[in-house]
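Okay, sequence plus prediction incoming.
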Amino acid sequence: MRILILGGTWFLGRELAQSALARGWAVTSFTRGRSGLPPEGVEHIIGDRRNADDLRRLRERGPWDATVDTSAYEPGDVNHALAELGDRVGLYVLLSTVSAYRDWPDRPVDETDDLWPSRMDARESDPDVAGLPGPFQYGTLKAGCELAATAAPGGALILRPGVILGPGEYTGRMLSLFEHAQRNGAWLLPPREPEVQPVDVRDVARFALDQIAAARTGIYNLTAPFGHATYGDLIDACLEATDGTATPVHANDAWLIEQGVRQWTEIPLWRTNPGTWQVDGAKAAAAGFACRPLRETVLDTWAGYQKQQPVYHPRQDEHGMEPAREEHLVTLWSDRAGGGAIRE
C-alpha cells in the first residue's frame, strides 16, 4: 500500500505514519516543515496545502492508495487538495470531529444525526461563520470539510473522533492532569462516577489503516464504548502513573458551576452537557474498532513524556487552575461539607 498523509509530524499524523511503516507500507508526508520531521522511513515533501504549485509538485509523487487528511480546517483545504491531486489521492480519509454534530455536546449523537449547516466553500472569515462562538465555528467548518471530502473521486472515509489521548498528546489536557497529580495537597475535581469516552491515538490509527486496507468508505464515530471508564478511573490512572501525592477532592457539578469553574479547561475533560460522553461508537466497533483500557493509555502517555515532551501548542496554556484559586475553592467546599470534603 502507498499512502499520503497531509500532516504526519504531530500526534495522530505521526502515529499513522509509524503504524503504516510497521505494516510495510510506503508513506509520503506533506507538511510545511515547521513542526518537526515525520518518522524515519517516510518520504517527506515540504509544501503548503494552500499553495497550488506545491500541490502540483506533490501530485508528481503519486498515485496513492489512500490520502489521510489530518490537518484540514476549512473546506477549501479539502477542495484545493482534491482539485490539484485529482484521482491520485485514492481513498480520501478525513479526520473530522464529533464537534461537527449540531447537537453535540448537548445531547447524545450517532452517525445519523444532523451536522452544523455548512457549505463546501465556507471560510472562517465569512460573516455567517465568524459570528459564531468558537466551538460552533469549528464544528461548522469541519462539517463543510466533510461535504468537500464526499467529492473525492476514489470515495471518502470520514472519521469523527471524540477526545483522543495517548503518547504524544499535545493539547495540554494530560500535561495538566499529570502535573496536578504530582502536587502535594488537595486536587479539586468533579464527581468520580460519570462515564468518559476518550480513545487512544494508537487505536484510532489502527482502525483508519484497517479501513484503508479494506478500501472501506463511510462515516464512523470513534469513541470508547459506553461503560468503558469513568472520570475517577482517569484520575486514578494519573496518580498511579506519576506516583502522585495529590489528594482528590470531588465536589459536585452544581457547586463547581456555581463557583464559575471553567469546564473542559480549568478542570480538563470535565463537562456537564449531557451528550458530552454519549457519542455512539457502535458502528465503528462493529467494523473492528477496539479500545484498549484507559489506564493503559494514561500510563503509556506518561512513559512517553519521560522520553520526550510533546510539541508546544498554545492550547496547553488554557488548561489547569491557578493554585491560589484552587486552594480557596477547596476551603469553601470543605467548609460547606462540614470539614469532611477532603478525602482520598
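Nice, I can see it. Numbers count the residues shown, from 1 in each chain.

For the closest residue to Gly41 other than its chain neighbours, what are phi and psi?
If you skip the residues right next to it in sequence, Gly41 has Leu21 as its closest partner in space, 5.0 Å away by CB to CB, 6 or more residues apart in numbering. (C-beta placed from N, C-alpha, C; glycine too.) Note on Leu21: backbone dihedrals following degrees, to the nearest 10 are phi -60, psi -40.

just checking, Leu21 touches Glu43?
No: with contact defined as CB atoms under 8 Å, Leu21 and Glu43 do not form a contacting pair (10.8 Å).

what do the two both touch?
Val27 (CB atoms under 8 Å, 6 or more residues apart in numbering).

quick one, which of the two is more surrounded?
Set side by side, Leu21 and Glu43 show unequal neighbour counts under other CB atoms under 10 Å, the larger going to Leu21 at 16 against 13.

which residues sit in contact with the more buried one?
Counted by CB under 8 Å, 6+ apart, Leu21 has contacts Val27, Pro39, Gly41, Val42.

Ala285 and Leu222, how far apart?
From Ala285 over to Leu222 the distance is 10 Å, taken as CB to CB, to the nearest Å.

ugh, wrong one, I meant Glu40
From Glu40 across to Leu222, the span is 28 Å (CB to CB).

which one of these two has more residues nearby?
Between Glu40 and Leu222, counting by other CB under 10 Å, Leu222 is the more crowded of the two (26 against 9).

I'd guessed the more buried one sits against Asp280; true?
No: judged on CB under 8 Å, Leu222 makes no contact with Asp280 at a distance of 11.1 Å.

And the helices in the stretch 151-300 of the chain?
Under the criterion DSSP state H, counting those that start in this stretch, the stretch 151-300 of the chain contains helices at 173-181, 201-213, 231-242, 253-258, 282-286, 294-307.

want to throw those helices into CSV with distance to Leu12, mean pLDDT and mean neighbour count?
Conversion of these to CSV gives the following (distance: least, CB to CB, whole Å; pLDDT from 0 to 100; neighbours: other CB atoms under 10 Å):
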stretch, distance to Leu12, mean pLDDT, mean neighbour count
helix 173-181, 15, 97, 23
helix 201-213, 5, 98, 21
helix 231-242, 20, 98, 21
helix 253-258, 31, 98, 14
helix 282-286, 15, 98, 17
helix 294-307, 14, 98, 18
